[in-house]
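>>> Any chance you can model this:
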Amino acid sequence: MSPASIDRERMLGRIRELGEVGREDGRLTRLAGSDADRAGRDLLVSWLEGAGLDVKIDRIGNIFGIWTEEPIAGEAPVLLGSHIDTVINAGIYDGCYGVIAGLEVIETLKRNGFVPSRPIAVAAFTNEEGVRYAPDMMGSLVHAGGLSVEAALASVGTDGSVLGEELSRIGYAGGVEPGFLRPKAYVELHIEQGPVLEREGLRIGAVETLQGISWQRVTISGVANHAGTTPMSMRSDAGQAAAEVMVFLRQRAMASNIPVVATIGCMAFEPNAINVIPSLASFTVDLRSPDEQRLREEEAALDAFLDALALRDGFGVSVERLARFQPVTFDPAIVALIEQAAGRRGLSSRRMTSGAGHDAQMIARIAPSAMIFVPSRDGISHNPREHTDADDLVAGADILLDVVRDLSA
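Sure, this is the predicted structure:
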């Protein structure tokens, strides 16, 4: 007998439909707590309720659709999910695919008369992207107990708004305490957001590790002066110092024998004038590695380089720690289930590391967790060109279906 499969057209149609929510002038943007976020949440809740699920919303705005029947109501659930908030000018798959596929899996199991041994739930976690409010992966971090709900709700956005006030305004400040649902296991289906699966011609990634992340904001203070009259040897150029940091980080990452990536994604100069030597450079540093010791070494090397810059040229240097998450090793048993499911369906697979942060790394603090990846065309995400072939989207959802059935049989 052929294994069961999800409803292809329903899942793909929902991905497309949600992908139009928050789209203006061709650009999809659905930031946490925004009006577009409310519209996306409303659509998701309508689908959850239409599937006969018990919908609960906690104080940080995490949405849960729970399938439970007697006598299993008291059992810890198998939890699926991801997020539906987006970056600015986003694609339609990041996060949303995992939530919609999770719902589709529950509906498929119900349709086929499957009797679970425990509840099965799908979650959409608040503010995974962290574009408007810091830190990213906020909803899952609060759910796992790594950040208090009070601190999260007090987060001030890039536009000066307060998350708690925005959740109330859009009607998603729920009354349930975060962490009320402690899963037996968590599985997150996601597009890879990288080039490995496509490059190797593989269909499924069984994600066994996730990189640690270190975010910092560095501010270098120099002296503003005339760009034409000040000799190069007599400058205290904060912009030049920032460029030296960028080159230093790239050279270290390229020379490392352990995977390390380093990115300066945001940079601002003052006074920001074409003919004035910058008196101040402020920039972010994103360091990542699946090896905790190596991540610490990169952080220490950056600190030492900044100290040397300050000593050599008299710059003022300050560093603000924005976020720090250790690498994650996912549950070996669930990773093995993913591989086995791929094998049964004749889908090529490999074990791999996630370079991006995901809600799974937070839920892994409180429950056995793992992730399933499907290929991303050209490795592109956080971009309207983000694309995964429909057959791969369906294949990933079918693997999720098999794994969830194994975990809840």
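
>>> contacting residues around the worst-scoring helix or strand of the chain on mean pLDDT?
In the chain, the helix or strand scored least confidently by mean pLDDT, DSSP states H and E is strand 316-325, which has a mean of 93. The contact list for strand 316-325, computed with CB atoms under 8 Å, 6 or more residues apart in numbering, reads 134-137, 212-222, 284, 303, 306-307, 309-310, 357, 361. In this view, the C-beta of every residue, glycine as well, is placed from N, C-alpha and C.

>>> ditto for stretch 71-78
By CB under 8 Å, 6+ apart, stretch 71-78 touches 66, 68, 116-121, 181-187, 404, 407-408.

>>> Just the C-alpha atoms of the least confident helix or strand of the chain, please, in CSV.
Taking Å, rounded to 0.1, in the frame of the first residue of the first chain, the C-alpha atoms of strand 316-325 are listed here in CSV:
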residue,chain,number,x,y,z
GLY,A,316,37.0,55.1,21.6
VAL,A,317,35.4,51.6,21.3
SER,A,318,32.3,50.3,22.9
VAL,A,319,30.6,46.9,22.4
GLU,A,320,26.9,46.1,23.1
ARG,A,321,25.9,42.4,23.3
LEU,A,322,22.6,42.0,21.5
ALA,A,323,22.0,38.3,21.5
ARG,A,324,23.9,35.1,22.3
PHE,A,325,22.7,31.6,21.6
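
>>> and whichever helix or strand comes after that strand, how far out from the chain's middle?
The helix or strand immediately downstream of strand 316-325 is strand 328-329, counting by DSSP states H and E. Centroid separation for strand 328-329 versus its chain: 15 Å, with CA atoms, centre = their mean, to the nearest Å.

>>> same deal with stretch 89-108?
14 Å.

>>> now do stretch 249-262
Here the centre of stretch 249-262 is set off from its chain's centre by 22 Å, with CA atoms, centre = their mean.

>>> again, but for stretch 285-304
Offset of stretch 285-304 from its chain centre (CA atoms, centre = their mean): 20 Å.

>>> check which helix or strand covers residue 262.
Using DSSP H and E, residue 262 maps to strand 261-263.

>>> no wait, residue 151
Secondary structure assignment for residue 151, by DSSP H and E: helix 149-153.

>>> Who are the packing partners of that helix?
helix 138-143, helix 163-170 (3 or more CB pairs under 8 Å, 6 or more residues apart in numbering; DSSP states H and E).

>>> now with 6 Å?
Here helix 149-153 touches helix 138-143, going by 3 or more CB pairs under 6 Å, 6 or more residues apart in numbering; DSSP states H and E.

>>> residues in contact with the helix it packs on?
For helix 138-143, the surrounding residues in contact (CB atoms under 6 Å, 6 or more residues apart in numbering) are 60, 62, 125-127, 147, 149, 152, 178-179, 359, 362-363.

>>> And stretch 376-396, by the same measure?
8, 12, 87, 91, 93-94, 189, 191-195, 203, 347, 372, 374-375.

>>> Repeat that for stretch 276-288.
Contacting residues not belonging to stretch 276-288 are listed as 211, 213-225, 227, 235, 237-239, 242, 261-270, 298 [CB under 6 Å, 6+ apart].

>>> do stretch 45-58 as well
The set of residues external to stretch 45-58 that reach it, using CB under 6 Å, 6+ apart, is 63, 64, 65, 66, 67, 107, 174, 176, 178.

>>> wait, isn't the fourth one in contact with residue 120?
No. Under the criterion of CB atoms under 6 Å, residue 66 is not in contact with residue 120, lying 7.8 Å apart.

>>> In terms of neighbours, single out the busier of these two.
Neighbours per residue, other CB atoms under 10 Å: of residue 66 and residue 120, the larger number sits with residue 120, 28 against 19.

>>> Buried ones in the host helix or strand of residue 220, by neighbour count?
In this assignment (DSSP H and E), residue 220 forms part of strand 212-221. Neighbour counts over strand 212-221 (16 or more other CB atoms under 10 Å) mark 212, 213, 214, 215, 216, 218, 219, 220, 221 as buried.

>>> Quick one: name whatever helix or strand follows it.
Downstream of strand 212-221, the first helix or strand assigned by DSSP H and E is helix 238-255.

>>> can I get the CA coordinates of that following helix in PDB?
C-alpha atoms of helix 238-255 as PDB (Å, rounded to 0.1, in the frame of the first residue of the first chain):
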ATOM      1  CA  ALA A 238      36.200  55.800  12.500                       C
ATOM      2  CA  GLY A 239      35.100  54.600   9.100                       C
ATOM      3  CA  GLN A 240      38.500  53.300   8.200                       C
ATOM      4  CA  ALA A 241      38.700  51.500  11.500                       C
ATOM      5  CA  ALA A 242      35.300  49.900  10.800                       C
ATOM      6  CA  ALA A 243      36.600  48.700   7.400                       C
ATOM      7  CA  GLU A 244      39.600  47.100   9.200                       C
ATOM      8  CA  VAL A 245      37.300  45.200  11.500                       C
ATOM      9  CA  MET A 246      35.300  43.900   8.500                       C
ATOM     10  CA  VAL A 247      38.400  42.700   6.700                       C
ATOM     11  CA  PHE A 248      39.800  41.100   9.900                       C
ATOM     12  CA  LEU A 249      36.600  39.100  10.500                       C
ATOM     13  CA  ARG A 250      36.400  37.900   6.900                       C
ATOM     14  CA  GLN A 251      40.000  36.800   6.900                       C
ATOM     15  CA  ARG A 252      39.600  34.800  10.200                       C
ATOM     16  CA  ALA A 253      36.400  33.100   8.900                       C
ATOM     17  CA  MET A 254      38.000  32.200   5.600                       C
ATOM     18  CA  ALA A 255      41.000  30.700   7.300                       C
END
